[in-house]
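[1] sharing a model prediction with you, sequence too.
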Amino acid sequence: MNKKNTFIPWLWVLLCSIGIFMTVPLARSVQRYVSNRWGRPLFGYTVLAFIAFGFIFLIVYLVSKLKIRSPSNYIWLFFVSGLYVYFTLKLWRYPEEAVHFLEYGLLGFLIFRALSQHIKDKSIYVTATLIGLFIGSLDEIFQWIVPGRKWDFRDVGLNALAVGLFQIIIWKTIEPKIISEKINKRSLGYLTVLAAASLVLLGLCASNTPDRVYSYTKNIPGLAFLQREEPMSEFGYKYDDPEIGAFYSRLSPDRLEKLDRQRGKDFGTILNRTVEMEYNLFLQEYSPLSHPFLHEVRVHVFRRDKYYKEARAAKNPEKKREKFFVAFKENLILEKYFNQTISNSVYGWSPERAQKLKARIDKSRFYESPVSAGLFTSFYLKTMWIVILAFLLAIGVLNFALWRRPENR
């Protein structure tokens with residue numbers, strides 16, 4: 001195989017990855033500029049336009065270039081394009097996130113082209129997706145390091161999804177002739193190694209909790225700025241309350257109750273002293289790492305007051321009721337679980353206001369607060385690593401067995 005022919009496709013993968021990484025520090029500025037000038041939906045419409053263009057281009061390519069007549073190829077193209085549209089619309093509240101589909105769709109094509117120099121069987125599609133997952137994870141790690149940006153497991157999933165969907169298009173629509181049905185053991189080796197690497201990387205990211213960040217940044221002063229960033233991953237507790245619904249906290253019920261009871265007056269004083277502080281500056285100063293209690297109470301206050309203000313301004317009665325509902329439930333969380341703190345601050349509501357809202361909503365309706373909803377509450381780190389190590393052991397045994405077995409001729 002010509003080394004130059006092998007190197008060039010991988011160079012394109014590298015350049016595309018670097019290009020994606022380079023957009024991270026600029027993304028917020030670009031988003032603000034576009035949003036202020038043309039509105040945030042422009043991101044979504046741009047993605048939909050590219051999906052439509054790609055769909056038409058592939059139809060023409062299948063008909064005129066590949067001469068494909070089988071209806072199933074076109075059904076698969078329509079189905080996967082529909083998935084791209086569906087997930088773009090699902091992100092319409094934050095349409096700039098849909099740009100991931102364009103970036104990683106292109107990356108998925110480049111990865112396939114580079115991998116096809118080495119893998120000639122159907123494992124290439126899964127292997128390409130795993131490479132996309134690995135690069136997408138590195139992208140999010142870099143994003144977490146950049147001030148003002150944060151890590152998001154959901155974005156890692158979107159990145160891998162964009163690459164994976166494009167692999168389905170290549171597999172089921174284009175059906176490259178160079179790809180055979182049979183999977184050989186060398187290809188399976190590539191796949192399992194990449195699966196193991198991606199799983200370990202995600203495990204390390206999940207293990208990068210506030211305590212661990214504090215531990216290594218304390219010993220490496222140059223990384224102290226990471227203490228002010230939003231945590232990469234956190235473990236916490238889910239509170240199920242019949243009167244409220246559900247909400248999440250980094251603090252156990254006993255710890256939450258104790259802090260509010262013993263330090264509620266001090267916390268209230270801090271909230272009063274910082275009432276003029278810009279909201280995002282407050283969250284940086286009182287981060288989840290250094291002040292989890294104050295961080296959470298301030299986010300609940302912000303969400304309550306935001307929805308209350310929007311409800312009062314809303315003209316549509318249904319929207320007004322919905323926003324009042326959110327404000328009422330968030331206030332209920334504050335009064336029930338942060339009572340001493342909120343009572344000693346300027347953020348407490350009068351009983352009359354709470355009663356007025358209570359009369360306007362269905363108070364028995366279930367509510368799940370999104371505040372701190374990104375916390376892991378269903379498993380522990382030790383359990384996660386036991387599962388990961390078991391998976392790695394299984395991969396090792398599988399590869400050992402495969403390489404001991406002679407290749408069928």
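    Looks like it arrived, so ask away.
[2] residue 291 versus residue 138, what's the distance?
    To residue 291, residue 138 is 30 Å away according to Cβ to Cβ, to the nearest Å. From N, CA and C alone the C-beta is placed, and that goes for glycine too.
[3] can you give me the domain assignment for the protein?
    3-183, 237-368 (automatic domain parsing).
[4] out of these, which is closest to residue 405?
    domain 3-183 (13.5 Å; Cβ to Cβ).
[5] what mean pLDDT does that closest one get?
    On average, the pLDDT along domain 3-183 is 92.
[6] so how far is it from its chain's centroid?
    16 Å (Cα atoms, centre = their mean, to the nearest Å).
[7] can you check stretch 383-403 too?
    27 Å.
[8] run through who's touching it.
    185, 188-189, 192-193, 195-196, 199-200, 203, 206-207 (Cβ atoms under 8 Å, 6 or more residues apart in numbering).
[9] nearest residue to residue 117 other than its sequence neighbours?
    residue 6 (4.9 Å; Cβ to Cβ, 6 or more residues apart in numbering).
[10] what number of residues lie near that neighbour?
    13 (other Cβ atoms under 10 Å).
[11] over to residue 242?
    There are 7 residues near residue 242, going by other Cβ under 10 Å.
[12] ok, it to residue 364 distance?
    Residue 242 sits 9 Å away from residue 364, going by Cβ to Cβ.
[13] and if you look at residue 92?
    Going from residue 92 to residue 364 by Cβ to Cβ gives 30 Å.
[14] contact partners for the nearest residue to residue 151 once chain neighbours are set aside?
    Using Cβ to Cβ, 6+ apart and skipping the chain neighbours, the partner closest in space to residue 151 is residue 144 (3.8 Å). Counting by Cβ under 8 Å, 6+ apart, residue 144 touches 150-151, 229-230, 232.
[15] at 10 Å what do you get?
    24, 150-152, 205, 208, 213, 226, 229-232 (Cβ atoms under 10 Å, 6 or more residues apart in numbering).
[16] in a helix, it, correct?
    Yes: assessed with DSSP: H, G, I helix; E, B strand; the rest coil, residue 144 lies in a helix.
[17] re earlier: ok, the residue nearest to residue 117 - contacts?
    114, 117-118.
[18] helix, strand or coil for it?
    Classification of residue 6 using three-state DSSP returns helix.
[19] so residue 238 is in contact with residue 378, correct?
    Yes: under the criterion of Cβ atoms under 10 Å, residue 238 makes contact with residue 378 at 8.1 Å.
[20] if you count surrounding residues, which of those two has more?
    residue 238 (14 against 8).
[21] give the burial count for the closest residue to the more buried one other than its chain neighbours, as a bare number.
    Using Cβ to Cβ, 6+ apart and skipping residues adjacent in sequence, the residue nearest residue 238 is residue 377, 4.4 Å away. Residue 377 sits with 15 neighbouring residues when counted by other Cβ under 10 Å.
[22] can you give me the helices for the stretch 101-250 of the chain?
    123-145, 153-168, 185-206, 210-219 (DSSP state H, counting those that start in this stretch).
[23] distance to residue 307 added to those helices, as CSV?
    Formatted as CSV, these follow (distance: least, Cβ to Cβ, whole Å):
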stretch, distance to residue 307
helix 123-145, 28
helix 153-168, 23
helix 185-206, 31
helix 210-219, 28
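[24] ok, which of these comes nearest residue 178?
    helix 123-145 (9.5 Å).
[25] hmm, residue 42 is touching residue 95, no?
    Yes: counting by Cβ under 10 Å, residue 42 sits close enough to residue 95 to count as a contact (7.8 Å).
[26] between the two, who's got more neighbours?
    Each of residue 42 and residue 95 has its neighbours counted (other Cβ under 10 Å); residue 95 has more, 22 against 14.
[27] wait, the more buried one sits on residue 43?
    Yes: Residue 95 is in contact with residue 43 according to Cβ under 10 Å; the separation is 4.2 Å.
[28] overlap of the contact sets of the two?
    Contacts common to residue 95 and residue 43, judged by Cβ under 10 Å, 6+ apart, are 31, 35, 88.
[29] by neighbours, which of those residues wins?
    Busiest of these [other Cβ under 10 Å] is residue 88, holding 24 neighbours.
[30] OK, contacts around that one?
    43-48, 50-51, 95, 97-102.
[31] any quick ChimeraX command for the buried ones out of those?
    Selection command for ChimeraX covering only the buried members of those, criterion 16 or more other Cβ atoms under 10 Å:
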select :43,44,46,47,48,50,51,95,97,98,99,100,101,102
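[32] residue 304 touches residue 325, doesn't it?
    No: applying Cβ under 10 Å, one finds residue 304 not in contact with residue 325, separated by 11.4 Å.
[33] who's more crowded, those two?
    Between residue 304 and residue 325, residue 304 has the larger neighbour count (other Cβ under 10 Å), namely 24 against 19.
[34] helix or strand: which one has the more buried one?
    According to DSSP states H and E, residue 304 maps onto helix 292-313.
[35] tell me how far that helix lies from the chain's centre.
    23 Å.
[36] at the geometric centre of the protein, which residue sits there?
    Residue closest to the average C-alpha location in the chain (Cα atoms, centre = their mean): residue 154, at 2.0 Å.
[37] look up how far residue 212 lies from that one.
    21 Å.
[38] re the thing from before, what pLDDT does the model give the residue nearest to residue 238?
    pLDDT recorded at residue 377 is 85.
[39] just to revisit the earlier point, need the max-distance pair from the contacts of residue 144.
    Between any two of those (Cβ to Cβ), the greatest distance is 19.2 Å, for 24 and 213.
[40] between the two, tell me which one has more neighbours.
    Applying other Cβ under 10 Å to residue 24 and residue 213 shows that residue 213 carries more neighbours, namely 19 against 16.
[41] ok, for that one, nearest residue in space, not its chain neighbours?
    Per Cβ to Cβ, 6+ apart, closest to residue 213 is residue 226, 5.6 Å.
[42] same thing with residue 123?
    Per Cβ to Cβ, 6+ apart, closest to residue 123 is residue 187, 4.3 Å.
[43] neighbours of the one you found, how many?
    Considering only other Cβ under 10 Å, residue 187 is surrounded by 20 other residues.
[44] ok, now which ones touch it?
    115, 118-124, 126-127.
[45] filter these down to the buried ones.
    For those, buried by 16+ other Cβ under 10 Å: 115, 119-121, 123-124, 126-127.
[46] out of the residues you listed, name the two that are farthest from one another.
    120 and 126 (14.2 Å).
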